[in-house]
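Peer 1: Dropping the sequence and predicted coords here.
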Amino acid sequence: MSNNPARPLEEAKQISETNNDALGRRKFLTQAGAVAAVAAAGMAGTPAAFAQSGGVASPPSGVINKRILQTFQNRMAAAAQEASVPAAPQVTNGDEARYPDKSGTFAKALLQDGYGRVNLQAFQAFRKALNSGRPADFEKITMGGTSTLNGPQGAMALGMMGSDGVQFGNAPSLANQQKLVVVPPAPATASAAYGAELIELYWGALLRDVAFTDYASNPTAAAAASELSKLPSYAGPRDNHGKVTPQLLFRGGFAGETIGPYISQYFITPTYFGQQELSQRMNTYLPGIDYMTDLSTWFQVQNGIDTGFENQNDPQPRFHHNGRGLAAYTHVDVLYQAYFTALLVMLALGVPLNPGNPYVRSKTQNGFCSFGEPDFAASLGEIAARALDVVWYHKWIVHLRHRPEAGGGLVHLIQTGQGSTIDSKLHSNVLNSQAVARTFSKHGSYLLPQTFPEGSPTHPAYPTGHGTVGGACITLLKFFFDGNYAIPNPLVPTNDGLALVPYTGSDAGQLTVNGELAKLARNVTFGHGIHAGIHWRSDSEQSMVLGESIAISVLQDKARFYNEKFSISFTKLDGTTATISNE
């Protein structure tokens with residue numbers, strides 16, 4: 001590799017340029033749709049006339065119903081407002097251009113030529129389909145087995161509510177009240193940050209069956225904390241002395257995430273779905289069984305060939321208490337399931353509404369289909385769908401980040417003297433890692449142990465769908481509920497997950513609605529990430545920010561359609577305030 005520090009930026013730019021076909025097609029379709037809408041509205045002029053009209057086009061001739069006219073004007077005004085949000089810069093980590101054999105790029109289930117090396121003709125057909133967006137091109141991709149790619153054409157879906165995927169990228173989204181960079185490039189394969197993330201994943205696999213409440217006394221957790229503390233590029237939370245403690249392992253750094261038990265109160269507190277009792281005990285998998293720890297099975301999975309292995313279910317339902325349980329949950333969950341359950345928990349606990357809710361001070365009305373329980377529940381599914389549209393665009397069209405199992409394959413090849421067969425390079429931190437050495441001692445290979453027989457899903461890693469949906473759903477719940485409310489009588493699972501007991505830590509009174517929502521989103525996205533072995537920390541970190549940004553954009557659109565006048569504020573992940581208002 002060149003030592004020129006400008007090279008990664010140049011290569012990232014080259015990758016962005018290879019995406020111009022897809023980005024241009026998306027821009028054209030968006031503009032064409034706007035022009036078509038104007039034409040259908042009966043405007044005599046051009047899109048320029050539409051802009052001069054203040055974004056409110058004339059309706060089709062003959063429409064005189066006041067309600068229809070008002071709906072039309074609101075829709076056109078929302079569309080005009082979203083169209084004014086510029087496209088964001090899309091910058092990748094440069095690995096696709098950097099490594100000719102594509103060993104640092106997502107290529108799972110495509111035909112493979114060898115360990116870590118995709119068939120380049122298959123990859124070119126894959127890239128052609130992504131660039132063109134034509135359904136017929138996707139049918140020409142050469143697959144290595146019976147596995148299919150997971151929904152790549154979803155990346156082509158255009159945004160119909162809130163901002164479109166192309167409007168989020170390597171910049172803040174000020175139009176959507178987001179000051180954080182929303183989707184920066186993921187760490188490059190050869191970087192220290194990538195190595196640190198991979199080391200964390202190896203420790204996650206080694207601690208998969210250890211109860212979170214036992215981390216403080218577990219020697220493996222202590223070793224994990226010690227090694228991660230020594231990595232300057234490790235991005236997880238540290239204590240006031242700059243150390244990673246066992247209690248801080250696999251946590252996030254947003255407000256409230258390091259307070260109280262590891263598991264969010266919304267993930268364990270029993271509740272009701274109407275008259276149906278929900279205990280919150282979960283089915284999980286038997287301990288000690290990991291997959292893809294031999295090169296033959298690993299290579300089958302990379303080709304998309306079914307290995308014949310199946311997860312072994314634990315016959316005893318348990319409360320969430322360890323990494324394997326979180327992974328099992330996310331293996332089959334409906335992506336907004338945890339947040340719908342959180343809504344039920346908040347309703348059962350009597351969590352007060354956001355003080356800006358227009359019905360909080362009403363003496364004659366209560367909210368129902370707007371600002372009431374049906375609105376709360378239905379909006380979760382709506383926001384989750386919009387979040388998936390956006391994150392799928394970034395996964396497939398922009399980043400194509402490979403999965404941790406592929407990174408583990410690179411480690412194994414390099415450590416066993418086969419590094420010359422691949423172009424990708426790794427940082428020395430992961431090659432010299434205690435976690436990697438312990439994994440070899442346990443499994444006889446340097447591959448990253450997986451919780452699921454099939455490893456990761458067949459779509460790229462960055463950002464993650466679970467995290468984006470989580471960021472969007474918790475933002476919606478903050479919009480509806482008082483985020484500063486302290487959750488009464490917090491609970492913690494026993495170390496076998498069979499019971500719940502009162503949490504009596506000194507910070508028991510500091511568990512708030514907002515903090516436990518952030519923790520819930522992290523539990524879910526790390527359950528589908530570090531604990532399962534299928535996503536990187538940065539996948540989750542940035543996806544939560546992306547989901548928050550999407551939710552704000554959707555709420556700003558929806559504010560136009562409520563009849564009630566309101567101004568609702570809530571605290572974002574970075575601790576600053578967002579306000580949604582139609583006053």
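Peer 2: Right, received. Where do you want to start? Residues are numbered from 1 along each chain as shown.

Peer 1: Contact partners for residue 468?
Peer 2: With contacts defined as Cβ atoms under 8 Å, 6 or more residues apart in numbering, the neighbours of residue 468 are 387, 388, 390, 391, 543, 544, 546, 547, 550. Any C-beta I mention is one placed from the backbone N, CA and C, and that applies to glycine too.

Peer 1: tell me the SS of the residue of the chain most remote from its centre?
Peer 2: The outermost residue of the chain relative to its centre, with distances by Cα atoms, centre = their mean, is residue 62 at 46.0 Å. State at residue 62, reduced to three classes by DSSP: H, G, I helix; E, B strand; the rest coil: coil.

Peer 1: so what pLDDT did it get?
Peer 2: For residue 62, the pLDDT comes out at 93.

Peer 1: Please report how far it lies from residue 415.
Peer 2: 73 Å (Cβ to Cβ, to the nearest Å).

Peer 1: what are the phi and psi angles of the residue nearest the centre of the chain?
Peer 2: The chain has residue 467 as the residue nearest its centroid, 2.5 Å off, counting by Cα atoms, centre = their mean. Taking degrees, to the nearest 10, you get phi -70, psi -40 for the backbone angles of residue 467.

Peer 1: Residue ranges in the stretch 51-200 of the chain under the pLDDT threshold?
Peer 2: Along the stretch 51-200 of the chain, segments meeting pLDDT under 70 span 51-56.

Peer 1: now the strands: where do they sit in it?
Peer 2: For the stretch 51-200 of the chain, the strands defined by DSSP state E, counting those that start in this stretch cover 112-114, 117-118.

Peer 1: Go through the ones you listed and pick out the most buried.
Peer 2: Greatest average neighbour count among these goes to strand 117-118 (a mean of 23), per mean count of other Cβ atoms under 10 Å.

Peer 1: can you list the residues that contact that one?
Peer 2: Residues from elsewhere that reach strand 117-118, judged by Cβ under 8 Å, 6+ apart: 101, 102, 103, 107, 110, 111, 112, 421, 422.

Peer 1: Show me which of these are buried.
Peer 2: Buried members of those, scored by 16 or more other Cβ atoms under 10 Å, are 101, 102, 103, 107, 110, 111, 112, 422.

Peer 1: Look up how far residue 95 lies from the first one.
Peer 2: Using Cβ to Cβ, one obtains 11 Å as the distance from residue 101 to residue 95.

Peer 1: Report the set of residues contacting both of those two.
Peer 2: residue 424.

Peer 1: correct me, but the residue nearest to the centre of the chain touches residue 525?
Peer 2: Yes - contact criterion Cβ atoms under 8 Å: residue 467 and residue 525 qualify, at 3.6 Å.

Peer 1: Now list whatever residues contact both of those two.
Peer 2: Counting by Cβ under 8 Å, 6+ apart, the common neighbours of residue 467 and residue 525 are 535, 539, 540, 543, 544.

Peer 1: Redo those residues as JSON lines? Include distance to residue 195 and neighbour count.
Peer 2: Formatted as JSON lines, the shared contacts of residue 467 and residue 525 follow (distance: Cβ to Cβ, whole Å; neighbours: other Cβ atoms under 10 Å):
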{"residue": "535", "distance to residue 195": "16", "neighbour count": "31"}
{"residue": "539", "distance to residue 195": "16", "neighbour count": "32"}
{"residue": "540", "distance to residue 195": "18", "neighbour count": "27"}
{"residue": "543", "distance to residue 195": "21", "neighbour count": "31"}
{"residue": "544", "distance to residue 195": "23", "neighbour count": "28"}
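
Peer 1: Inside helices: which ones of those residues?
Peer 2: Mapping the shared contacts of residue 467 and residue 525 onto helices (DSSP state H) picks out 539, 540, 543, 544.

Peer 1: From what I see, the third one and residue 525 are in contact.
Peer 2: Yes - counting by Cβ under 8 Å, residue 525 is a contact partner of residue 543 at 6.6 Å.

Peer 1: what's the overlap in contacts for these two?
Peer 2: 464, 466, 467, 470.

Peer 1: And for the second one, the neighbour number?
Peer 2: So that's residue 466. If you count neighbours by other Cβ atoms under 10 Å, residue 466 ends up with 27.

Peer 1: If we go by neighbour counts, what in whichever strand or helix holds it is buried?
Peer 2: Using DSSP states H and E, residue 466 maps to helix 465-480. Buried residues in helix 465-480, counted by 16+ other Cβ under 10 Å: 465-480.

Peer 1: low pLDDT regions in this structure?
Peer 2: Within the chain, the segments meeting pLDDT under 70 span 1-56.

Peer 1: ok so, going back, among the buried residues of helix 465-480, find me the one that's closest to residue 124.
Peer 2: residue 465 (26.4 Å; Cβ to Cβ).

Peer 1: and that closest one, what is it in contact with?
Peer 2: Contact partners of residue 465, counting by Cβ under 8 Å, 6+ apart, are 335, 387, 388, 391, 392, 395, 459, 543.

Peer 1: With residue 265 as the reference, measure out to the nearest residue to residue 373 once chain neighbours are set aside.
Peer 2: Excluding the flanking residues, the one nearest residue 373 by Cβ to Cβ, 6 or more residues apart in numbering is residue 347, at 6.9 Å. Distance, residue 347 to residue 265, using Cβ to Cβ: 14 Å.

Peer 1: same check, this time on residue 508
Peer 2: As judged by Cβ to Cβ, residue 508 and residue 265 stand 11 Å apart.

Peer 1: got any residues that touch both of these two?
Peer 2: Each of residue 490 lies in contact with both residue 508 and residue 265 under the rule Cβ under 8 Å, 6+ apart.

Peer 1: okay, the two: which has more neighbours?
Peer 2: Legend: neighbour count by other Cβ under 10 Å for residue 508 and residue 265, higher for residue 265 (27 against 18).

Peer 1: My guess is that one contacts residue 490. True?
Peer 2: Yes - between residue 265 and residue 490 there is a contact at 5.6 Å, judged by Cβ under 8 Å.

Peer 1: Switch the strands of the stretch 51-200 of the chain over to a markdown table; also include distance to residue 75.
Peer 2: Listed next are these as a markdown table, based on distance: least, Cβ to Cβ, whole Å:
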| stretch | distance to residue 75 |
| --- | --- |
| strand 112-114 | 48 |
| strand 117-118 | 44 |
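
Peer 1: end-to-end on stretch 485-492?
Peer 2: Terminal residues of stretch 485-492 lie 19 Å apart, using Cα to Cα, to the nearest Å.

Peer 1: can you pull the buried residues of it?
Peer 2: In stretch 485-492, counting by 16+ other Cβ under 10 Å, buried: 485, 487, 490, 491, 492.

Peer 1: Which residues are in contact with the second one?
Peer 2: To tie it back to what came earlier, the one meant is residue 487. Residue 487 makes contacts with 265, 349, 351, 511, 512, 513, 516, as judged by Cβ under 8 Å, 6+ apart.

Peer 1: Where do the strands of the stretch 351-500 of the chain begin and end?
Peer 2: 491-493, 500-502.

Peer 1: Endpoint to endpoint, stretch 393-404 covers what distance?
Peer 2: Terminal-residue distance, stretch 393-404 (Cα to Cα): 20 Å.

Peer 1: likewise stretch 250-260?
Peer 2: 14 Å.

Peer 1: What are the contacting residues of that stretch?
Peer 2: Residues outside stretch 250-260 that contact it (Cβ under 8 Å, 6+ apart): 200, 204, 236-237, 248, 262, 323, 490, 503, 505, 507-508, 510-512, 514-516, 518-519, 522, 526, 530-531, 540-541, 544, 571, 573-575.

Peer 1: Among these, which ones are in strands?
Peer 2: Among the contacts of stretch 250-260, DSSP state E puts residue 571 in strands.

Peer 1: which ones among the contacts of stretch 250-260 are found in helices?
Peer 2: 200, 204, 323, 514-516, 518-519, 522, 526, 540-541, 544.

Peer 1: ok, these vs residue 217, which is closest?
Peer 2: residue 323 (16.8 Å).
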